[in-house]
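Participant: Based on what follows, work out the 3D shape:
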Amino acid sequence: MPELSTTYLGLKLRNPIVAAASPLSDSIASMQRLEEAGAAAIVMSSLFEEQIEYESHALDHYLSYGSESYGESTTYFPEIANFNIGPQQHIDLIAEAKKKISIPIIASLNGCSPSGWTEWSRLVEQAGADAIELNEYYLPTDINMTGVQVEERYLAVLKMVKQQVSIPVSVKLNPYFSSTANMCKRLVECGADGLVLFNRFYQPDIDLENLEVLPHLVLSSPQELNLPLRWVAVLYGRLKADLAVTSGVQSSGEVLKAMMVGASIAMMASELLRHGPDRIKAILADLDSWMEKHDYHSITQMRGSMSQINLADPAAFERANYMKVLKSWHPVHQTY
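Facilitator: Take a look at the predicted model:
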């Protein structure tokens, strides 16, 4: 049997499949199903900066009730009040998960401003989380904000979280920086123990009947994998940080590709939401079968074998490949 174990953020994992943050990590029962199916670790659903701020504002409102009134307090972040669990329940869930689940639990903090909410990283650590995934989901809509200011914002949040904890911290980032490779380098220099590539920016939709802007969730597809594959391949061996691939991982094929370009783990959410946690069992079986057929003895053996630094033609991940792609199209039928 091939050896599927891997190491991520200093954690010894039984295989490279990690359940990414999703509703499946909202309860102990579903997390136990993920563990039984073979998930090597679980990333908790995100605790949002807005949830923490909402609770803080609500507490302040009730403590000062009667001495000073203000209309905004009843409508501040109204949607956040409808979240399944609040910040303290989130901490309690991590603590309970650590008692009932044996695989590593990675907490997810989702925020975009360097402020007091980062102190909750310490509470997450105290609850028993094995690591933190810092999901810096920020969309700069201010036309006066420069790219440099955006980058500094990301770095400032990471620094504040790292000051709070001693457990490993990975950063889940987007691919839209002007120099992605340099931004990754700076994040690692500021203390990131790992990088998760990439976050998906969910795009709003328009309801033409009611003329409203609506949230629009589209689960990922395998076609989205090529972007993180390229950047993990470029970064592997050049940064002292573990790399994780996310978005588009739906079969053993995507997991294998992620390992070959240099990832330590492949994160999965959409496929598990479509088919349930037991989908992991089938993927692990396919992984075993492929590795035996192709004479791979371990994940370690294949890791980075198709990364840029190990390819005979490193330009395959650069501009030359772009030109080859454009030349690769051939019409099946031509009509004149």
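Participant: Backbone dihedrals for Y202, please?
Facilitator: phi -70, psi 130 (degrees, to the nearest 10).
Participant: Distance of the nearest residue in space to it that is not next to it in sequence relative to I206?
Facilitator: Using Cβ to Cβ, 6 or more residues apart in numbering and skipping the chain neighbours, the partner closest in space to Y202 is L217 (6.4 Å). To be clear about C-beta, it is placed using only N, CA and C from the backbone, and glycine gets the same treatment. Noted for L217: a distance of 15 Å to I206, by Cβ to Cβ, to the nearest Å.
Participant: With V196 instead?
Facilitator: In terms of Cβ to Cβ, V196 sits 30 Å off from I206.
Participant: Looking at those two, which is more packed in?
Facilitator: V196 (28 against 11; other Cβ atoms under 10 Å).
Participant: ok so, going back, hang on, the residue nearest to Y202 is in a helix, isn't it?
Facilitator: No - assessed by DSSP: H, G, I helix; E, B strand; the rest coil, L217 does not belong to a helix; its assignment is coil.
Participant: residues near it, how many?
Facilitator: L217: 9 neighbours (other Cβ under 10 Å).
Participant: shouldn't it be in contact with R200?
Facilitator: No - counting by Cβ atoms under 8 Å, L217 stays clear of R200, with 10.0 Å between them.
Participant: what residues are shared contacts of these two?
Facilitator: Contact criterion Cβ atoms under 8 Å, 6 or more residues apart in numbering; residues shared by L217 and R200: none found.
Participant: L123 is in contact with I91, isn't it?
Facilitator: Yes - using Cβ under 8 Å, L123 is in contact with I91, at 5.4 Å.
Participant: Can you pull the poorly scored residue ranges out of the protein?
Facilitator: Scanning the chain for pLDDT under 70 picks out 54-85, 314-327, 329, 332-336.
Participant: biggest strand in it by residues?
Facilitator: strand 41-48 (DSSP state E).
Participant: Adjacent strands (with direction) for that one?
Facilitator: Each strand paired with strand 41-48, and its direction, by DSSP bridges: strand 17-19 (parallel), strand 105-110 (parallel).
Participant: Now do the helix or strand hosting E35 against strand 105-110, angle only.
Facilitator: Assigned by DSSP states H and E, E35 falls within helix 28-37. Between helix 28-37 and strand 105-110, the angle comes out at 120 degrees (axes from the mean of the first three to the mean of the last three Cα atoms, to 10 degrees).
Participant: mind listing the helices for the chain?
Facilitator: 28-37, 49-63, 87-100, 120-126, 147-164, 180-189, 226-235, 252-261, 270-275, 279-293, 299-302, 319-327 (DSSP state H).
Participant: if you compare those, which one is most tucked away?
Facilitator: A comparison of the helices of the chain by mean neighbour count, using mean count of other Cβ atoms under 10 Å, puts helix 252-261 on top with a mean of 23.
Participant: Show me what it packs onto, helices and strands only.
Facilitator: helix 226-235, strand 242-245, strand 265-268, helix 279-293, helix 299-302 (3 or more Cβ pairs under 8 Å, 6 or more residues apart in numbering; DSSP states H and E).
Participant: Thanks again, I'm all set now.
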